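Student: show me how the following folds:
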Amino acid sequence: MKKSSNKLTYAKSGVDIKKANKLINTLKSKSKNIKPNIISPIGGFCSLYKLDKIKNPVIVSGTDGVGTKLRLAKILRKHQFIGQDLLAMCVNDVITSGATPLFFLDYLATGKLDLNIHSAVLKSIKNACNRYKVPLIGGETAEMPSIYSGSDYDLAGFCVGIVDKKNIINGKKIKNKDIIIGLYSNGIHANGFSLINKLVEKKKILLNKKIKGKTIGEILIKPTTIYADIIKKLLPRLNGIANITGGGLTENIPRIIPENLCAKIYLDSWKFPNIFNLIQQKANLNINQMLETFNCGIGMILIARESDVKTICDIIEKNKYNYQIIGAIVKKNKNKRIIYE
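Tutor: The predicted structure follows:
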């Protein structure tokens with residue numbers, strides 16, 4: 001008979017099911033069904049959600065990750081903000097259609113579970129969902145030692161929303177002379193970190209150096225702003241919404257502009273936050289390269305009729321969001337979808 005010490009168990013191969021269960025249980029113990037629509041708890045094979053009655057319901061879905069901002073979180077040993085980044089990357093896409101987010105699911109993959117690190121990550125996701133009233137109704141945690149190194153991890157998120165068909169925002173209502181309003185970002189958000197990580201690696205950016213009392217590390221790790229609450233209050237007055245993610249303003253604004261029109265952006269209408277100026281200097285990028293890589297201080301774009309702008313700005317101010325009118329819609333010239341002036 002072979003000795004038990006020769007057995008090759010799942011745990012010996014690098015997958016600790018007991019630890020995974022303990023990790024999920026810490027989340028379940030603090031999980032509450034904050035909406036009566038949720039009819040299945042975390043931990044089942046699937047998640048169940050009962051839809052409210054909408055005359056012509058259209059399901060809206062979005063999925064994304066946090067990308068290489070995770071590397072910064074590892075260097076700084078700060079994982080408590082990553083959950084909001086993950087939620088934001090999905091929710092901010094879904095709301096551009098005019099949809100209300102219904103629920104969220106997550107996926108965490110790692111080489112080896114670390115209860116300190118990964119429980120902080122999952123709790124940060126749950127806390128963000130609670131704060132923005134988007135129920136976390138399920139997810140998956142995978143331990144894959146042959147794919148990931150040690151406790152390194154990756155995240156993916158999945159958001160499902162709903163909108164009445166007649167209320168869908170898809171850019172078709174955008175007209176010549178509409179006004180472009182920019183809602184300010186909270187900093188870098190979660191895009192462009194491959195470039196930033198390279199600057200850190202080459203020591204062109206020092207994470208412990210301070211800018212106006214805060215370290216660069218603290219500035220870079222700040223979580224992505226979630227715009228769901230303010231967008232919901234503005235929906236009847238908006239003709240278009242663009243989430244400024246990977247590709248910056250240059251790539252994202254044209255995605256919602258009709259073919260015969262163009263977005264004219266006034267670059268002197270807002271100041272780039274200091275962190276973007278630093279990145280531009282250290283990476284030796286020109287202005288166009290910055291605008292096609294980073295949000296440069298503008299996290300969400302709103303497009304509306306000129307007659308609605310005052311009301312929109314009043315609502316934004318009342319809800320304590322920072323904004324700036326940064327441009328207008330004009331007729332397309334020489335096949336350009338966006339013009340900077």
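Student: contacts, neighbours, all on C-alpha from now
Tutor: Will do.
Student: now the strands for the stretch 201-341 of the chain?
Tutor: Defined through DSSP state E, counting those that start in this stretch, the strands belonging to the stretch 201-341 of the chain, from first to last, are 210-211, 214-215, 240-243, 261-265, 298-304, 323-331, 338-340.
Student: and what about A142, helix, strand or coil?
Tutor: Using DSSP: H, G, I helix; E, B strand; the rest coil, the structure places A142 in strand.
Student: so how far is D152 from it?
Tutor: When distances are taken as CA to CA, to the nearest Å, A142 and D152 turn out to be 12 Å apart.
Student: quick one: common contacting residues for these two?
Tutor: Taking CA atoms under 8 Å, 6 or more residues apart in numbering as the contact criterion, the residues that touch both A142 and D152 are T110.
Student: F104 - that's part of a strand, no?
Tutor: Yes. Residue state for F104 (three-state DSSP) corresponds to a strand.
Student: return the set of residues that bridge with I38.
Tutor: Y49 (DSSP bridges).
Student: which pLDDT does the model give it?
Tutor: Note on I38: pLDDT of 86.
Student: quick one, what contacts it?
Tutor: L48, Y49, K50, I137.
Student: show me where the chain has its helices.
Tutor: Per DSSP state H, the chain carries helices over the ranges 17-28, 69-76, 82-94, 115-131, 193-201, 216-221, 228-234, 248-252, 274-283, 287-291, 309-318.
Student: for S40, which of the ones you listed is the nearest?
Tutor: Between S40 and those, the shortest separation by CA to CA is 12.0 Å, and it involves helix 17-28.
Student: pLDDT on the closest one, on average?
Tutor: For helix 17-28, mean pLDDT is 66.
Student: is it possible to get JSON lines of the contacts of I38 that adds pLDDT, distance to L220 and neighbour count?
Tutor: Shown next, in JSON lines, are the contacts of I38 (pLDDT from 0 to 100; distance: CA to CA, whole Å; neighbours: other CA atoms under 10 Å):
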{"residue": "L48", "pLDDT": "88", "distance to L220": "37", "neighbour count": "14"}
{"residue": "Y49", "pLDDT": "87", "distance to L220": "36", "neighbour count": "14"}
{"residue": "K50", "pLDDT": "88", "distance to L220": "39", "neighbour count": "11"}
{"residue": "I137", "pLDDT": "92", "distance to L220": "29", "neighbour count": "26"}
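Student: pull the most distant pair out of the residues you listed.
Tutor: Between any two of the contacts of I38, the greatest separation by CA to CA is 12.1 Å, found for K50 and I137.
Student: ok, back up a step: closest to I168 out of the helices of the chain?
Tutor: The minimum distance between I168 and these falls on helix 82-94, with 11.1 Å, by CA to CA.
Student: what's the closest non-adjacent residue to I147?
Tutor: Take I147 and drop its neighbours on the chain: the residue closest to it by CA to CA, 6 or more residues apart in numbering is G111, 6.5 Å away.
Student: cool, and N319?
Tutor: The shortest distance from N319 to any residue other than its chain neighbours is 7.1 Å, reached at I230 (CA to CA, 6+ apart).
Student: circling back to that earlier point, got the helices of the chain as JSON lines, with mean neighbour count and distance to G157 columns?
Tutor: As requested, those are exported to JSON lines (neighbours: other CA atoms under 10 Å; distance: least, CA to CA, whole Å):
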{"stretch": "helix 17-28", "mean neighbour count": "15", "distance to G157": "16"}
{"stretch": "helix 69-76", "mean neighbour count": "17", "distance to G157": "14"}
{"stretch": "helix 82-94", "mean neighbour count": "27", "distance to G157": "6"}
{"stretch": "helix 115-131", "mean neighbour count": "20", "distance to G157": "10"}
{"stretch": "helix 193-201", "mean neighbour count": "16", "distance to G157": "18"}
{"stretch": "helix 216-221", "mean neighbour count": "19", "distance to G157": "19"}
{"stretch": "helix 228-234", "mean neighbour count": "17", "distance to G157": "16"}
{"stretch": "helix 248-252", "mean neighbour count": "22", "distance to G157": "20"}
{"stretch": "helix 274-283", "mean neighbour count": "16", "distance to G157": "27"}
{"stretch": "helix 287-291", "mean neighbour count": "15", "distance to G157": "26"}
{"stretch": "helix 309-318", "mean neighbour count": "14", "distance to G157": "28"}
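Student: quick check: which of those helices is nearest to K166?
Tutor: When the helices of the chain are compared for distance to K166 using CA to CA, the nearest one is helix 228-234, at 15.4 Å.
Student: okay, now the unreliable bits of this structure?
Tutor: Low-confidence regions of the chain, defined here as pLDDT under 70, cover residues 1-5, 8-17, 19-20, 23-24, 26-34.
Student: mind giving me the domain split of it?
Tutor: Taking automatic domain parsing as the domain assignment, the ranges for the chain are 14-167, 179-340.
Student: K7: which of these is closest?
Tutor: Distances from K7 to each of the domains of the chain were compared by CA to CA, and the smallest falls on domain 14-167, at 13.5 Å.
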